[in-house]
Structures are given as C-alpha cells and as structure tokens.
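> no letters, just coordinates:
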C-alpha cells in the first residue's frame, strides 16, 4: 500500500544506514504502545504490537505517510488485548510475525532468536526474552539505539511471571543477558505503561528499576515476583484465544472494527475523519448532496464550484442543518478540505451518520480534472 510521497517530520539516521521514521502510538483502553518504524528511502515499514480496535488508526497512518507495511510483529501472545496483525495482513498483505514457540495460527513469519527483520535498508534483530511468557521476544534496531522490549522489561518494572509459562528465573536471565547487554544509551520502549511513561534507557533501568535494578540480585528479583498477588487481566479469556489466531476473528464476516458503512468506501484519516476521494464522489454525484461551506463570495468567485452543490457557509452551518436533504448522504467541500473537515465533525456530532469530507477539497477535485462551474479563465 503506497500513496503519494511525503516529507517525514521526524527522522533518525544511523551511521551507514538510511533515515528512520518512528512513531509511538497508544491505546488508552489497554495501556498498550504500538510502534511504527519506516525506512524513508524505500518507504517500507514494520509495526510492533498492534491493537485490533486501533486497526483503522494504524491503516490511516500508513496511508497518509505513504508506507508499505512489510510485517506486523508481536512481542508475545498478549493476555490484555487482541493483536491487529491479521487485519493488517488482510488489508496490506504484510507478514505476520510472532515467536515460533507461541505456536499460534495464521503466523506467516515464525520468529527465532537471532533472526533479522528487514524493512528497506534498516532491520531489527530478534532477541528471545522469555520469562513473562515462554515466547516473549524483544526487537533491537540495527544500530542498537532503540529496543522494543514488549512486556519483558517495562519502565521501572517488568512483566508478571505467574501465567503463560512465566518464570522469574528465566525473566531475570532474559533481561540481564539480552537487554542489559545493550549499550547504556539504548532507548527502551515498553509494550505497556499505565502512568504516562513512554520510554526509558538501559542505563536508567539498570540503576532505578525497582525489581532488578541497583544492587538487586536474582534472589531479590525472584522473591519480589513470587510475592506479587495480581488479578488476571480482565480480557484474558478473549485476548489469549484471539492472539493464538493472530487476531483473526471467529466470525468470518468480521473484517475490521472500523468497518465502513455500506453507503460509500470511506477511508478514515489519521485524525479519525471519514473521507472520500474525488473520483468516487464524481461517479456517484447524482446520489449525493454536496455541501459547500465556503463563503458566498468564494462560492461565486473565480475558484468555481461543483454544479448543483448546496451553499451553507461554515459559520452558519450549526443553525441551518435542517436545510440539508434527509434522503441523501452528504459530502462536505471547501477549497482545501480544512473547513469542510470541521463541518463534517459538526454534522457527525449533530447526529448525521452518512457524512464524509471531500479529501483534498475542490483544489484536488480540479487537479484531477473534474468540472467546476464559474472558474475564471486564464
């Protein structure tokens, strides 16, 4: 899935490597972090620990940034949320990567310690870090500047060891031998956090982790972990079976938690706005109400307008919603898609369900060759 080029905002560059695009995403319902890493030169990307209910968000971000997803990776078979890997595979054709030891269904890339996962000229090293579960993996960036530790090592904590073949002795060895062997400067990105902590580093966790940092020994760590009395994750009965299918729903009719309404092939932007491209709107023009929310001067000005579109300027929209036809979906337009985005949000809040923004506005409509009335001659 590749769209028009873009200029990345945040880049990291490794010595001898390509520029890296990096995004940290968050699911507040489960405290889960999802990570997107992309090689700017090739536009290939991987995603780590996706969440089923955030599929629409993740797909929109990939589309907007123009990235081709080559793999959806999970650090382990989660007990607190269902992975979005199968949905991403269905949408993009990407590989599904999980530890071979998990023995989950629908995995197309069973992972072992020492594997290398390439995306463009960048790559991740797979490190086996069991102990929270027997199939936990951590992913280390090629230059060892970043590592994604899943639930093995959290910020000032670590994953529990009391189910899914967890073992505190094993987890101690995983953290001290596989993660604490990384450079002190290596940034550690956890699978979860519930206190707003987004990142740590090897040197910080060696010094300050309350369970195994400072002067703590393996005996101290095991004693701490064996004394914890934690309730099971409240979604474990749903999450574990779902993740053993790589997130594939039991109901074969389910394709996405953000499935499009039947009236149009909506795409949601990363901001969550339903959008439609000019091509689809033009070919279905007779069955739609095109609502132009520019000023009256712009509507009659040299930029032109779509024939038979309804003019209600944005400042007047809230008080004139009743003027919209009730028997047709509404596509909102303005010059660039900015004001119409706000208008779309207002209409959705007012209870209209069949509403979408014209992606790119009238500027894109004209660029793609669709007719406008009243355009000034050049």
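Happy to help now that I have it. Predicted model only: the values in this text are computed from it and were never measured.
> in stretch 85-105, which residues are buried?
Buried residues in stretch 85-105, defined by neighbour count with 16 or more other CB atoms under 10 Å: 85-89, 91-92, 94-99, 101-102, 104. From N, CA and C alone the C-beta is placed, and that goes for glycine too.
> ignore the last one, stretch 306-321
306, 309-314, 317, 321.
> do you know how far the closest residue to residue 179 other than its chain neighbours is from residue 140?
Spatial nearest neighbour of residue 179, chain neighbours left out: residue 153 (5.3 Å); criterion: CB to CB, 6 or more residues apart in numbering. In this structure, residue 153 and residue 140 are 12 Å apart, going by CB to CB, to the nearest Å.
> which of the two has more neighbours?
Higher neighbour count among residue 153 and residue 140: residue 153, with 31 against 20, using other CB atoms under 10 Å.
> pLDDT at that one, what is it?
What the model reports as pLDDT for residue 153 is 98.
> wait, doesn't it sit right on residue 205?
Yes: using CB atoms under 8 Å, residue 153 is in contact with residue 205, at 6.4 Å.
> if I read this right, residue 87 contacts residue 54, doesn't it?
No: in this structure, residue 87 is not within contact of residue 54 by CB under 8 Å, at 9.8 Å.
> anything in contact with each of those two?
Common neighbours of residue 87 and residue 54 are not found (criterion: CB atoms under 8 Å, 6 or more residues apart in numbering).
> ranges for the helices of the stretch 1-150 of the chain?
Assigned by DSSP state H, counting those that start in this stretch, the helices in the stretch 1-150 of the chain fall at 55-65, 85-92.
> reformat the ones you listed into a markdown table and put distance to residue 21 and mean pLDDT next to each item.
A markdown table is the format used below for the helices of the stretch 1-150 of the chain (distance: least, CB to CB, whole Å; pLDDT from 0 to 100):
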| stretch | distance to residue 21 | mean pLDDT |
| --- | --- | --- |
| helix 55-65 | 7 | 95 |
| helix 85-92 | 17 | 97 |
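> compare those and give me the one nearest residue 292.
Taking CB to CB, helix 55-65 is the member of the helices of the stretch 1-150 of the chain nearest to residue 292, at 24.8 Å.
> thinking residue 224 is in contact with residue 211, fair?
Yes: at 5.2 Å, residue 224 counts as touching residue 211 under the criterion of CB under 8 Å.
> list the contacts for residue 130?
Going by CB under 8 Å, 6+ apart, residue 130 touches 101, 136, 152, 165, 167, 170-171, 174.
> try 10 Å
Taking CB atoms under 10 Å, 6 or more residues apart in numbering, we find residue 130 in contact with 76, 99, 101, 113, 136-137, 152, 164-167, 170-171, 173-174, 178.
> among those residues, name the buried ones.
Neighbour-count burial (16+ other CB under 10 Å) applied to the contacts of residue 130 gives 76, 99, 101, 113, 136-137, 152, 164, 166-167, 170-171, 174, 178.
> residues near residue 219, how many?
9.
> which residues sit in contact with it?
By CB under 10 Å, 6+ apart, the neighbours of residue 219 are residue 172.
> now the helix or strand encompassing it: buried residues?
For residue 219, the element it lies in under DSSP states H and E is helix 218-227. Neighbour-count burial for helix 218-227, with 16+ other CB under 10 Å as criterion, is recorded at 221-222, 225.
> can you name every helix or strand that the helix or strand that comes right after it contacts?
Next in sequence after helix 218-227, counting helices and strands by DSSP H and E, comes helix 236-243. Under the contact criterion of 3 or more CB pairs under 10 Å, 6 or more residues apart in numbering; DSSP states H and E, helix 236-243 touches helix 85-92.
> coming back round to it: so for residue 153 and residue 140, which residues contact both of them?
With CB under 10 Å, 6+ apart, residue 153 and residue 140 have common neighbours 147, 178-179.
> so the nearest residue to residue 244 once chain neighbours are set aside versus residue 120, what's the distance?
Nearest non-adjacent residue to residue 244, counting by CB to CB, 6+ apart: residue 104, 4.8 Å away. Per CB to CB, residue 104 is found 27 Å from residue 120.
> just the ones of the buried residues of stretch 306-321 in strands?
Using DSSP state E to define strands, the subset of the buried residues of stretch 306-321 located there is 310-311.
> any idea which of the buried residues of stretch 306-321 is closest to residue 248?
Using CB to CB, the buried residues of stretch 306-321 come closest to residue 248 at residue 321, 41.1 Å.
> in space, what's closest to the closest one - neighbours in sequence excluded?
Take residue 321 and drop its neighbours on the chain: the residue closest to it by CB to CB, 6+ apart is residue 350, 5.4 Å away.
> that neighbour touches residue 318, doesn't it?
Yes: counting by CB atoms under 10 Å, residue 350 does reach residue 318; the two are 7.8 Å apart.
> residues in contact with the residue nearest the centre of the chain?
Among the residues of the chain, residue 58 comes closest to the average C-alpha position under CA atoms, centre = their mean, at 2.8 Å. For residue 58, the contacting residues are 23, 25, 34, 36, 47, 50-51, 69, 72, 84, 87-88, 91-92, 270, by CB under 10 Å, 6+ apart.
> how close does residue 234 get to residue 79?
10 Å.
> who's more crowded, the two?
Just comparing residue 234 and residue 79: by other CB under 10 Å the higher neighbour count belongs to residue 79, 22 against 11.
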